[in-house]
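[1] Structure of the sequence below:
(chains A, B, C and D)
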There are 2 protein chains.
Amino acid sequence: MLAIGTLSRRTGTKVQTIRYYEEIGLMNEAGRTAGGQRRYFEKDLDRLAFIRHSRQLGFSLDSIRELLDLSDNPSQSCAEADSIARRQLHQVEQRIKRLQALKRELKRMVAECDGDSVAECKVLEVLRDHSECLTEHDQIGA
Amino acid sequence: MLAIGTLSRRTGTKVQTIRYYEEIGLMNEAGRTAGGQRRYFEKDLDRLAFIRHSRQLGFSLDSIRELLDLSDNPSQSCAEADSIARRQLHQVEQRIKRLQALKRELKRMVAECDGDSVAECKVLEVLRDHSECLTEHDQIGA
DNA sequence: GCTTGAACCTCTATCTGCTGTAGCTTGTAT
DNA sequence: ATACAAGCTACAGCAGATAGAGGTTCAAGC
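    Now for the predicted structure:
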């Protein structure tokens, strides 16, 4: 029987975050001691590790919910899990592309700034000037 | 005199977002018509474009606030604007690195999945397995 | 001058994914 | 028996918007 702090330490998850995952139904409701403290089994730790690993890979909580459902019903086709992963991969690739464009522009900014007064500061100038922007009205995603 | 919808269209910003920027003090309080509708000048449009462009470059609203302050007081040294930009560049580079690690892992996942049943689905297996993870307890930043 | 309807207004709630605090209770080691 | 770390609930708050309800104003056409 593991206390919440043990799960926290072993997965690098804040205690509140674990309780939050329970609240939103991502973790099962934990058993309780007579005094009301949560107690976990190894399988709960595995589930939490799965969630955290998926979060690190950038999956949304909703996607993780889908993946956990799939993994709870292991007789279905794997195609759905694969498509979630592919979608995710696509998003990551798009994000990288955008960030690389940003990086180029930021480099241009700091390269041109020679540290004199703001009046001729290239950083501010570049930010004012939208014309060299590649991704005109794109969002920079979270 | 420009209506809020015109600013919205010309900068690709939602109307509510413009009002939100006013609320948090990023945009100046707009003048009003007798009936209470906001009216803007070209300089307000420029300021909004500056904000949006900076957002697209990944600057936080706080950083943008600093940059706008600098740009409002053009006699100071440019060093500060430069340092904000450099900080931002550094963050962008870090983000790219992390995303590239994620991309590799996602590719591995989808490459190994051969579309059979969930029982032998590599996607779920990889998510369960934390050991090949490069960035053990790292956050995936927003 | 009047009517229409798109565009505006305020206010409040919601989203994602947590994190932090206050104030109290429980569990465990000595 | 006592100390105190670790647990509990409940609620507020963060960024950065976005959505909707319900009402008002502006401007163009007739």
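[2] Dead centre of chain A: give me the residue that sits there.
    What sits nearest the mean C-alpha location of chain A, by Cα atoms, centre = their mean, is residue A:58, with 3.7 Å.
[3] what secondary structure does that one sit in?
    Here residue A:58 is recorded as coil under DSSP: H, G, I helix; E, B strand; the rest coil.
[4] The closest residue to DNA strand C within chain A and DNA strand D, how far apart?
    Scanning chain A for the residue nearest DNA strand C gives residue A:35, at 2.1 Å (criterion: Cβ to the nearest atom of the strand). In this view, the C-beta of every residue, glycine as well, is placed from N, C-alpha and C. Counting by Cβ to the nearest atom of the strand, to the nearest Å, the gap from residue A:35 to DNA strand D is 8 Å.
[5] sorry, back to before: contacts only, for the residue nearest to the centre of chain A.
    Contact analysis of residue A:58 by Cβ atoms under 8 Å, 6 or more residues apart in numbering or on different chains lists A:88, A:91, A:92, B:99, B:102, B:140.
[6] other SSEs contacting the least confident helix or strand in chain A by mean pLDDT?
    Ranked by mean pLDDT, DSSP states H and E, the weakest helix or strand in chain A is helix A:122-128, scoring a mean of 72. Secondary-structure packing of helix A:122-128 (3 or more Cβ pairs under 8 Å, 6 or more residues apart in numbering or on different chains; DSSP states H and E): helix A:79-112, helix B:42-56, helix B:61-72, helix B:79-112.
[7] For the first one, buried residues please.
    In terms of neighbour count (16 or more other Cβ atoms under 10 Å in any protein chain shown), helix A:79-112 has its buried residues at A:80-82, A:84-86, A:88-89, A:91-92, A:95-96, A:98-99, A:101-103, A:105-106, A:109-110.
[8] Quick one: mean pLDDT for that helix?
    What helix A:79-112 shows for mean pLDDT is 80.
[9] Next one: that helix, is it in contact with DNA strand C?
    No - Helix A:79-112 does not reach DNA strand C (Cβ under 7 Å from any atom of the strand); its nearest approach is 11.4 Å.
[10] so how far is that helix off the chain centroid?
    14 Å (Cα atoms, centre = their mean, to the nearest Å).
[11] The second one now?
    Helix B:42-56 sits 14 Å away from the centroid of its parent chain (Cα atoms, centre = their mean).
[12] go on, the shortest one?
    Relative to its parent chain, helix B:61-72 has a centroid offset of 15 Å by Cα atoms, centre = their mean.
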